[in-house]
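>>> Any chance you can model this:
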Amino acid sequence: MTMGEEGETIAIAEENNGLIVDSGETNSTWRAMRFDVSPYRTHHFSKQFRASRNPNNFLKGLKWSPDGSCFLASSEDNTLTLFYLGESNGYGVTIPEEDSYGASLVVNEGESVYDFCWYPYMSVSDPLTCVFATTTRDHPIHLWDSSSGELRCTYRAYDAMDEITAAFSVGFNPGGNKIFAGYNSSIRVFDLHRPGRDFGQYSTLQKNKEGQAGILSTLAFSPTNSGMLAVGSYGQTTGIYREDNMELLYVLHGQEGGVTHVQFSKDGNYLYTGGRKDPYILCWDMRKSVEIVYKLYRATENTNQRVFFDIDPCGRHLGTGGQDGLVHMYDLQTGNWVSGYQAASDTVNAFSFHPYLPMAATSSGHRRFAIPDDDDEDKNNVELKADENCVSLWSFYVTSEENTSDEHNNGLASNSHNLNVTGEEENA
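Purely as a prediction, here's the structure:
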């Protein structure tokens, strides 16, 4: 497969650290995860982040690769760290003195990382597709090789003074042949195969001052190839555009803070938006977008940190962290809270489901400031620990019926262990 081929399905199995990955079997049966039982931690990574040259380093987010073989974490010290998925001992782990294992790759950027994203057809079986894009302060968009850590190419945008201007958000279109980047009241579109300074520019603010103003901090494409693009702004709005010509279809108002994360449902009929210092994730119906369907609570009203949420592979549940260290699960059909568990004693700033295995990853940590010893304000806040600037992997329980049928699950298998609901250890 070559980069940019639209709609092509990757169906090649590859082996990584004991994990057999099926990167795109179209008729796979998703594993039904149990959310009424708390998951158990299988891997933990913290020491290598604390050993940074920045003593106040903390995690800022993470994302699984599309093929599920690895995940990428961003931290305050301007680095992106890649971990391949290793074997689980099946019993879970406590907070260890040492990390579960070391990172496979560390990419150093020159400035603070604003956003990053994986190439949508990434597969470790095809080195050409193993790339991810980053955007950092005062730098162009970089395309990195996730195998070697080398810089493949750059995509440069210039302002009216002919100086390089940095994007605040970046994402690949579903076809994988274009890079969309959000700037201040404008979107620039780069051809993936033509690095350099060639791009198309579209203003999101019309001459009559209508439209979407402010820093465009996040973007997401509809997964159903409907050609719809959602763009969140620090101006507390979310714009819905056509991908082909960037025509503004409508603007969603209702977020109390600047929009920091947007994500479509699996069927593309709903959009979920979250904002900075806003305790609610809003659900919008794309078929009648004038009203909010429901709100999902999370503890983010007292933090400036961007907090990422995610939808499970079945499209039924949404998981999100918060400043209280809790992960909450919501049923997307009803909007009701299902369960929660304590993932850290620090801010859980990212929660991400594995693309198809019954597991998830969290990252925690936030910016710390020195506080005088005699300052006793906010004693009710959760005590924050330095070792909670970490990444953790969590394995969810699955039903006994699902466990017994996993070996027939179209070749999808894992050497990690799972526990069924009766507590018996069982290979998945």
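
>>> Any regions of this structure where pLDDT drops low?
Along the chain, the parts satisfying pLDDT under 70 run over 1-31, 51-55, 88-96, 369-387, 400-428.

>>> What's the local residue count around Leu332?
By other CB atoms under 10 Å, the residues close to Leu332 number 22. Glycine gets a C-beta too; all of them are placed from N, C-alpha and C.

>>> show me the contacts for it.
By CB atoms under 8 Å, 6 or more residues apart in numbering, the contact set of Leu332 is 265, 270, 283, 311, 315-318.

>>> Name the nearest of the residues you listed relative to Asp138.
Minimum distance to Asp138 across the contacts of Leu332 is 33.4 Å, recorded for Ile311 (CB to CB).

>>> Who wins on neighbours among the contacts of Leu332?
Most neighbours among the contacts of Leu332, by other CB under 10 Å: Leu318, with 24 neighbours.

>>> Which element, helix or strand, includes that residue?
Assigned by DSSP states H and E, Leu318 falls within strand 317-320.

>>> Run the chain-centre distance for that strand.
Offset of strand 317-320 from its chain centre (CA atoms, centre = their mean, to the nearest Å): 12 Å.

>>> Please apply the same query to stretch 64-76.
With CA atoms, centre = their mean, you get 8 Å for stretch 64-76.

>>> let's number from 16 now, not from 1
With the count now opening at 16, the last piece we talked about shows up as stretch 79-91.

>>> okay, how far is it across that stretch, tip to tip?
Stretch 79-91 has an end-to-end distance of 19 Å (CA to CA, to the nearest Å).

>>> So which residue is dead centre in the chain?
Nearest to the geometric centre of the chain sits Lys78, at 4.2 Å (CA atoms, centre = their mean).

>>> so it bridges to which residues?
When assigned by DSSP bridges, Lys78 has beta-bridge partners Leu87.

>>> same check, this time on Gln357
Bridge pairing for Gln357 (DSSP bridges) gives the partners Leu341.

>>> Now do the helices in the stretch 266-415 of the chain.
Under the criterion DSSP state H, counting those that start in this stretch, the stretch 266-415 of the chain contains helices at 415-420.

>>> Would you map the strands across it?
Counting by DSSP state E, counting those that start in this stretch, the segments of the stretch 266-415 of the chain that form strands are 274-279, 285-290, 295-300, 307-312, 324-326, 332-335, 341-346, 352-357, 363-368, 374-379, 406-410, 412-413.

>>> gap between the closest residue in space to His332 that isn't next to it in sequence and Glu258?
In this structure, His332 finds its nearest non-sequential neighbour in Met344, 5.4 Å apart by CB to CB, 6 or more residues apart in numbering. Relative to Glu258, Met344 is positioned 31 Å away (CB to CB, to the nearest Å).

>>> got it, and Tyr99?
Taking CB to CB, one finds Tyr99 at 32 Å from Glu258.

>>> can you check Trp79 too?
On the measure of CB to CB, Trp79 and Glu258 end up 23 Å apart.

>>> The two: which has the busier surroundings?
Shown here are Trp79 and Glu258; by other CB under 10 Å, Trp79 has more neighbours (22 against 19).

>>> which residues sit in contact with the closest residue to that one other than its chain neighbours?
Nearest non-adjacent residue to Trp79, counting by CB to CB, 6+ apart: Phe86, 4.7 Å away. Neighbouring residues of Phe86 by CB under 8 Å, 6+ apart: 77-80, 97-98, 100, 367, 376, 406.

>>> Export those residues to a markdown table and append columns for distance to Phe187.
Formatted as a markdown table, these follow (distance: CB to CB, whole Å):
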| residue | distance to Phe187 |
| --- | --- |
| Leu77 | 18 |
| Lys78 | 12 |
| Trp79 | 15 |
| Ser80 | 13 |
| Leu97 | 18 |
| Phe98 | 22 |
| Leu100 | 22 |
| Ser367 | 17 |
| Ala376 | 21 |
| Val406 | 24 |
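
>>> just to revisit the earlier point, and which of the contacts of Leu347 is nearest His157?
Nearest to His157 among these is Ile326, at 27.9 Å by CB to CB.

>>> Does the spatially closest residue to that closest one that is not a sequence neighbour have any beta-bridge partners, and if so which?
Ranked by CB to CB, 6+ apart and with sequence neighbours excluded, the top spatial neighbour of Ile326 is Leu333, at 5.2 Å. Using DSSP bridges, the beta-bridge partners of Leu333 come out as Ile326, Tyr345.

>>> wait, isn't Leu333 in contact with Leu311?
Yes. Taking contacts as CB atoms under 8 Å, Leu333 lies within contact range of Leu311: 6.7 Å.

>>> Show me the beta-bridge partners of Trp133.
Phe147.

>>> what's the burial count for Asn223?
Residues near Asn223, counting by other CB under 10 Å, number 6.

>>> give me every residue that touches it.
Going by CB under 8 Å, 6+ apart, Asn223 touches no other residue.

>>> So it lies in a strand, does it not?
No. Applying DSSP: H, G, I helix; E, B strand; the rest coil, one finds Asn223 to be coil, outside a strand.

>>> Nice, that's everything, thank you.
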